[in-house]
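Peer 1: For reference, the sequence and a predicted model appear below.
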Amino acid sequence: MKAKDLAAVADEVRVMIQSDADIVLARQQARGLAKELGFSASNLVVIATALSELARNIVQYAQCGEILLSRIEHGNRRGFVIIARDQGPGIADIERAMQDGYSTGGGLGLGLPGTKRLMDEFEITSGVGQGTTVRATKWMR
C-alpha cells in the first residue's frame with residue numbers, strides 16, 4: 001500500500017480508486033472502520049457491498065476517483081459514511097440511472113438503486129462532464 005493511495009486523518013480514510021485492487025483495499029478499510037464502530041457482521045457485509053458497487057462504478061465509468069470513509073455521530077446515533085467521488089463523464093439523467101434495470105455499461109442496472117436500498121441514507125449529485133459524488137450512510141441500530 002502506497003502512502004498516496006491511503007490517507008487517514010482522525011476517523012476519515014481516503015482510498016484512491018483506479019483498479020480492482022483499489023476496490024479490494026477500500027472494502028478492507030471500510031470493514032475495519034465499521035467493525036471498530038461496532039457494526040454487526042451482517043451490516044459489515046452490507047457496507048462492503050455498497051462500497052464495492054460505488055467503487056466499481058468509478059473504475060468502469062470514470063477510470064479514477066476516490067472513496068472517503070468516515071464515522072458520523074448525530075446526537076446519540078453513530079453511523080458510517082461512504083463518499084464516492086470522481087471527475088468522470090457524469091450522469092445525464094440521475095432519475096433514470098436510479099431505476100432498477102437501467103444500465104449504460106451493459107450490467108444488470110442494480111448498482112446505484114441497490115446501494116440506495118442497502119444504506120439508510122443516499123444522496124447523489126452529478127453533472128455531465130463534471131463527475132459524480134455519492135454519499136451513503138449506514139446508521140447503527
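Peer 2: Everything's here; your move.
Peer 1: what number of residues lie near the residue nearest to Ala92 when sequence neighbours are not counted?
Peer 2: Counting by Cβ to Cβ, 6 or more residues apart in numbering, Ala92 lies nearest to Val128, which is 5.3 Å off, once chain neighbours are set aside. All C-beta atoms are positioned from the backbone trio N, CA, C, and that covers glycine. Counted with other Cβ atoms under 10 Å, the neighbours of Val128 add up to 10.
Peer 1: My understanding was that Val128 contacts Ile94; is that so?
Peer 2: No: the criterion here is Cβ atoms under 8 Å, and Val128 misses it with Ile94 at 10.8 Å.
Peer 1: ok so, going back, what sits against the residue nearest to Ala92?
Peer 2: 89-92 (Cβ atoms under 8 Å, 6 or more residues apart in numbering).
Peer 1: swap the cut-off to 7 Å and go again
Peer 2: Contact analysis of Val128 by Cβ atoms under 7 Å, 6 or more residues apart in numbering lists 89-90, 92.
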